[in-house]
Each structure stands twice: as structure tokens, then as C-alpha cells.
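K.L.:
Have a look at this prediction, sequence included:
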Amino acid sequence: MTSPAILPPSSSQRTLQNSCAWAFSLVVCLTVLLAPALWNGFAIVFFDTGGYVERVLKMTLAPGRSLFYGFFLWAMSLGWYSFWGPILAQSLFTLWIIHLTLRCHDLPAGPLTTAAFCTGLAGLTGISWYTSQLMPDILVPLMVIGLWLLGFRWDKLMWSDRGALAALILLGLLSHMSCMALAMGLILGILLVKLALRKGNSSLSIFLLPPTAVVAVGLILMPMLHLCLTGKAGYTPGGPVFIFGRLVQDGIAQRWLAENCPAPGIRLCGLQDRIPKTADDFLWGDTSPFQDLGGWSGTADAELSFLVQASIKAYPGTFIRTSLEATALQMIKVATGDGLDEFQPAARGVFTNLLPRTAQSFNAAQQQHELITQSIFDFLNGVHVPVAYVSMLGLLLIAFWGLRNRRQDLAGLALFVLLALLGNAFICGALSNPHDRYQGRLVWIAPLVCGMALMAYRQQYKKNRHVSLSSGLEKTQGSF
């Protein structure tokens, strides 16, 4: 008696199996990317979160608080109905970018691999604390990867991917000025690489126009939309104030005031004995002389802008040295949880007074009961920080390996990410003030690239082994 033949699965069965696999992968990925918020019982908030919400409620511009990210929160929360919407969208963006990056580098990008990468990154890095947070920080690394894909993997993208990437990059550009500055620096980097490889023999195709066009649109769109929405054209304010804070921390501002006061129109001359030693105390302290100048109302902007220019002109060498020191310090400040264990009075005021619909769920969250403690982050950073350092070093090794093994795409990606990390460290460290949050939001891309390189190495090893075995078999058969 013969056994019945086993028929291969039909096309409809394969489609159903694939759909089930992707559904399971989606659940796993979203669970790990939203884990901090799920445990918290509410989206993670930061000191600045309330400011983004207020921009939409008041329809005004404020230093360092993007009106457009406020609109994103409003739209994704369905008109402030549920703040699970924004972090769910951020997690979906991140999941899609990881999948698309794998696919565009000819690596396995199926449901199992995508879930494995998301789970690994959530365990080894602080990525989930940014996808779960009501802040535009997660958009910075997504913008970086998006520019890479448009600039170097354009031919691997479908038109729907290109449009979605352009929209996501625009959201990042409009959501934070540091994102805009970093994007402009990366475009310059792409241009220099294109010029350097113009006469060379490189397998890496460079498409300068698509990423440049998106950044140019962002630069034009922001002031125009601000004018239409608030009646005030311009970019999100606050740049010179943050730079002056860094000059205070380095003692440069105090030195200029000591050597030049009294000076016409400089009100800070009469307050210089009260200037604190750190940028944070100067910018946010209740007793800071910055508050006497009008604080964040904008009345101090002209004076502080003048002092920034005068200080740099008077002490250029000191400014360059301290800028390099701040950049180097920012490169190694990558710890997860910066400021999340602190009391968030500004966010509490917004969510309880201005948004009463969400007050109950906001106040019931673990974070508002001070259960998100530094001890939690000390435990996590026992893994996150070493992984970040090793991965950043790994970017250099991947670049070397990729150039030697005809994987210029991965070599280029590693160098592009390294450039982004250096650029971000300069923008946030030298032009503002080093904080773990600034670099931690971006550094998880380094382990992503390392994981991709390991997968590519494994593929190449298996291929070479197969070729070697096939060659040995042919020689054996030939001897007979």
C-alpha cells in the first residue's frame, strides 16, 4: 500500500501563512518598542512634552518647541483623545525603517528577521524609551536612515517607499531644528562623497538630488507654514540662547562680561554676579538672571545673540577648544533615561489642566508616581552603554571589512552613521550643552548596522563555503 503524496502548499495557503507570520511579527515588534509605555500605563513624558502640546493649543512659537511636532501629537492622538496614538505611530515608523533598511541592503527582511532585530535593539539599546516617549527624539535617527536610503539606495526603493521616506524625513526636519542642522550637514557629506568618487571606480551609486530636495523643501516650508499658522515667519526660535548657555558653562560668557562691563545696552552686566556655573541652571533655574531678562519670552534674544557673537570674536581659540571638548563629551554621553526619573511639572500642568480628558490616565501612570527611578536606568545602562561604545567602534571595522569584501553599501552606511553621530555630537554638544538624551536617541543605529554586517558576513561565509565544497567535489570527480 502506497502512502498518499504530500502536496505542496497552494498559493493561497502560502499567502495566509505569510500574513500570519507578519501579524505575529508586528505584535512582537510593537510590544518590545512600546514596552516602557505599556509598563508605565501611559506614554513616557519629558520636561519639554507639555511645550509641544501648548504650541498647538496657543498657536504660538516658542524656543525649542516645534509647532509641527505639536500638530503630530494632536493628529495622532485624534485631537488629544489618546496619547497611545503618537507612540504607536512612532513605533510603526521605526519598525518600517528597520525592515526597509534590511531589504534595501539585500539582507533577509522577513517577519522573523525583522522581529529579531527589533527585539535585539529593544534589549541592547534605549530605542524603546524613545519610541514610547512623547518627544521628537526618535525622528532624528529615522531621518538619518531615511536620507541614507534616498541618497544611496534610491534604486532599491519602490515609489511608495520614496514618498513615505520623504514625508517621514520632512516630519523630522520640521519637528526639531537640530534635525534640520544635522540633515544639512549630511547633505554636504553626500555631496563631498559624490565629488570624491566622481572619477573613481565605485559600485556605490549616489543620488544627490532626492535627499537634497527633501531638505530644501523643509527649509522653505517651515517659515512659510509658520507665517500662515501664527502670522510670524521664521524658524523655530531659541538657537542663540542655547549657545549662550554653553558659553556660560565654559566660562566664556563670564569672561567677556568681566572684561567689557559696563557696556551700553547689556543688562546682564548688572547681573553677572548671579550667573550660575552650568548652562541648565542659567536656562532653567528660577533664580537665574536669564529670568530677569525676560526668560523664554524672547526679550533677551537680541542681547544674548550679541553676546554670543562678541564672545566668539573675542576668544576664538577658546571657543574652538571648548567646542571640540563638548563634542567629544557628547559622543560618549549615550546613557538611557536622561531626565525621565525627574518630576515633570510642566507636563503635569498641561495634561491635568489643559487636557482634562487625559488627566486621569496621566496621573495614574508609574512615572507620575515617581516609580521610574534612576536605579532602573543604572541597570539598563549596564548593557546599553557598553553596547553603544562597542558598536560605534564596530562602525570603523565594518567600513574596513566592507571595502575589502565588496560590500561598499555596508561600508558606506557605517561611515554615514558615524558622520551622523559626529555631526549630532557637535550640534548638540558644542552648540548647546552635552546631555545623554541627545546622543542616546541616535546611537542605536550603530548596533543596527553591526547586526546587518554580521548577517552579511554570515551570508558571505556560507556562500564561500558552498563554492569551496562545490570546487572540491568537482576535483574529486575529475580524479576518477
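P.N.:
Received it, and whenever you're ready, just let me know what you need.

K.L.:
wait, isn't residue 29 in contact with residue 112?
P.N.:
No - at 11.2 Å, residue 29 does not count as touching residue 112 under the criterion of Cβ atoms under 8 Å. The C-beta positions use only the backbone N, C-alpha and C, and glycine is treated the same way.

K.L.:
Compare the two and say which is more crowded by neighbours.
P.N.:
Remark: of residue 29 and residue 112, residue 29 carries more neighbours, 26 against 13, as counted by other Cβ atoms under 10 Å.

K.L.:
With residue 206 as the reference, measure out to that one.
P.N.:
Using Cβ to Cβ, to the nearest Å, residue 29 is found at 31 Å from residue 206.

K.L.:
next one: residue 111
P.N.:
According to Cβ to Cβ, residue 111 stands 32 Å off from residue 206.

K.L.:
Residue 450 now?
P.N.:
According to Cβ to Cβ, residue 450 stands 23 Å off from residue 206.

K.L.:
Which of the two has more residues huddled nearby?
P.N.:
Set residue 450 next to residue 206 and count neighbours by other Cβ under 10 Å: residue 450 wins out with 22 against 17.

K.L.:
Report pLDDT for the more buried one.
P.N.:
For residue 450, the pLDDT comes out at 97.

K.L.:
wouldn't it be in contact with residue 393 here?
P.N.:
No - between residue 450 and residue 393 there is no contact under Cβ under 8 Å: 9.6 Å.

K.L.:
which residues do those two both contact?
P.N.:
The contact sets of residue 450 and residue 393 do not overlap (Cβ atoms under 8 Å, 6 or more residues apart in numbering).

K.L.:
which residues does residue 401 contact?
P.N.:
Residue 401 is in contact with 407, 411, 453, 457, counting by Cβ under 8 Å, 6+ apart.

K.L.:
per-domain residue ranges of the protein.
P.N.:
30-238+332-461, 239-309 (automatic domain parsing).

K.L.:
Those domains: lowest mean pLDDT?
P.N.:
domain 239-309 (a mean of 88).

K.L.:
so how far does that domain reach from one end to the other?
P.N.:
End-to-end distance for domain 239-309: 13 Å, by Cα to Cα, to the nearest Å.

K.L.:
For that domain, what is the distance to the chain centroid?
P.N.:
Per Cα atoms, centre = their mean, to the nearest Å, the displacement of domain 239-309 from the mean C-alpha position of its chain is 29 Å.

K.L.:
tell me which residues in the host helix or strand of residue 187 are buried?
P.N.:
Per DSSP states H and E: residue 187 is located in helix 177-196. Residues of helix 177-196 classed as buried: 177-187, 189-190, 193 (neighbour count, 16 or more other Cβ atoms under 10 Å).

K.L.:
Could you do stretch 348-366 as well?
P.N.:
Buried positions in stretch 348-366, judged by neighbour count with 16+ other Cβ under 10 Å: 348, 350, 351, 355, 358, 361, 362, 365.

K.L.:
Relative to residue 81, how far out is the fourth one?
P.N.:
Computed as Cβ to Cβ, the residue 355 to residue 81 distance reads 10 Å.

K.L.:
Then the last one?
P.N.:
Using Cβ to Cβ, we find residue 365 at a distance of 17 Å from residue 81.

K.L.:
contacting residues around the residue nearest in space to the middle of the chain?
P.N.:
In the chain, the residue lying closest to the centroid (Cα atoms, centre = their mean) is residue 140, at 2.8 Å. By Cβ under 8 Å, 6+ apart, the contact list for residue 140 reads 172, 176, 178, 179, 182, 424, 441, 442.

K.L.:
Cool, thanks, talk later.
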